[in-house]
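**Student:** A predicted structure for the sequence below; I have some questions about it.
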Amino acid sequence: MQSVALIDYGSGNLRSAEKALVKAASSLAGGAEIVVTADPDKVARADRLVLPGVGAFAACRTALDARPGLVAAMTEAVQARGAPFLGVCVGMQLLATRGLEFGVTPGLGWIAGEVKRLETRDPSCKVPHMGWNGLTGLTGQPILAGMGEGTPMYFTHSFAFYPADEGDVAAWVDHGGRFPAAVARGNVAGVQFHPEKSQGAGLSLLARFLEWRP
């Protein structure tokens, strides 16, 4: 049975994410063991990694760095060994080169780009962006398989990740202006929305991630 490291660094909606991953795994023939962990050895050996994140970019990066050996273990698993990776919300934003929230903070740099504050052209579209919104411009990325234009997902954020190469955007969303809802490059993917709060479509995405063979 494959192992999935749900990374615990004190900055994620862990229990909801764990429950959603366990439910998604139960629908698969091979199943999966979901391990909530900050242990670098377990992370480095995991078959798949999920990085959640809630709050400010700088605070999440600081919390990640505060766990000795954790970033190095993630890098070993994902960049050296090729384990599939999914970042959720700020976990997606941390893939960027840098975040511009409360100053400039380096990201993991796995997908080049910047995390910037949402700017809306429509006064009725408030920031933070909170609630359901439909995906657009889906590129056929495997973890989004079966989803069509307008598939609703649940968002809650004030900043968004803008990759340097729009070819790394797997889906978009519009909230007073278009911004990336999902990104992917090689074995690395991220979603700005919360699959664990997005009902059936979110569970389908997690199941596709557990089956993903990049």
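**Tutor:** Received, thanks.

**Student:** Please, where are all the helices along the chain?
**Tutor:** 14-26, 40-45, 57-65, 70-75, 90-93, 199-211 (DSSP state H).

**Student:** Return the most buried member of these.
**Tutor:** Highest mean neighbour count among the helices of the chain (mean count of other Cβ atoms under 10 Å): helix 90-93, with a mean of 28. Every residue, glycine included, has its C-beta placed from N, CA and C.

**Student:** That one packs against which elements?
**Tutor:** Applying 3 or more Cβ pairs under 8 Å, 6 or more residues apart in numbering; DSSP states H and E, we find helix 90-93 packed against helix 57-65, strand 159-163, strand 188-191.

**Student:** I'd like these laid out as CSV, including distance to Gly137 and mean pLDDT.
**Tutor:** Shown next, in CSV, are the helices and strands packed on helix 90-93 (distance: least, Cβ to Cβ, whole Å; pLDDT from 0 to 100):
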stretch, distance to Gly137, mean pLDDT
helix 57-65, 24, 94
strand 159-163, 13, 96
strand 188-191, 14, 98
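
**Student:** looking at these, which is closest to Phe85?
**Tutor:** strand 188-191 (4.9 Å; Cβ to Cβ).

**Student:** Counting by contacts, list what the closest one packs against.
**Tutor:** strand 85-88, helix 90-93, strand 178-185.

**Student:** Save these as CSV, and put in mean pLDDT and distance to Ala58 too.
**Tutor:** CSV is the format used below for the helices and strands packed on strand 188-191 (pLDDT from 0 to 100; distance: least, Cβ to Cβ, whole Å):
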stretch, mean pLDDT, distance to Ala58
strand 85-88, 98, 16
helix 90-93, 96, 10
strand 178-185, 96, 20
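
**Student:** Turn these into CSV, including distance to Thr37.
**Tutor:** Listed next are those as CSV, based on distance: least, Cβ to Cβ, whole Å:
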stretch, distance to Thr37
strand 85-88, 15
helix 90-93, 15
strand 178-185, 24
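
**Student:** how about the ones you listed, which one is nearest Met153?
**Tutor:** Using Cβ to Cβ, those put strand 178-185 closest to Met153, at 6.9 Å.

**Student:** List the buried residues of the closest one.
**Tutor:** Burial within strand 178-185, assessed by neighbour count using 16 or more other Cβ atoms under 10 Å, is assigned to Phe179, Pro180, Ala181, Ala182, Val183, Ala184, Arg185.

**Student:** In contact with the second one, which residues?
**Tutor:** Just to be clear, that refers to Pro180. Ala160, Phe161, Tyr162, Pro163, Val169, Ala170, Ala171, Trp172, Val173, Gln192 (Cβ atoms under 8 Å, 6 or more residues apart in numbering).

**Student:** for the fourth one, same thing?
**Tutor:** Taking Cβ under 8 Å, 6+ apart as the definition of contact, the neighbours of Ala182 are 92, 135, 141, 143-144, 169-171, 189-193.

**Student:** Kindly report the same for the last one.
**Tutor:** By Cβ under 8 Å, 6+ apart, the residues touching Arg185 are Trp110, Ile111, Asp168.

**Student:** Starting from Lys23, give me the distance back to the closest residue to the first one other than its chain neighbours.
**Tutor:** For Trp110, ignoring the flanking residues on the chain, the nearest one in space by Cβ to Cβ, 6 or more residues apart in numbering is Leu95 at 4.8 Å. Remark: distance between Leu95 and Lys23 (Cβ to Cβ, to the nearest Å) = 25 Å.
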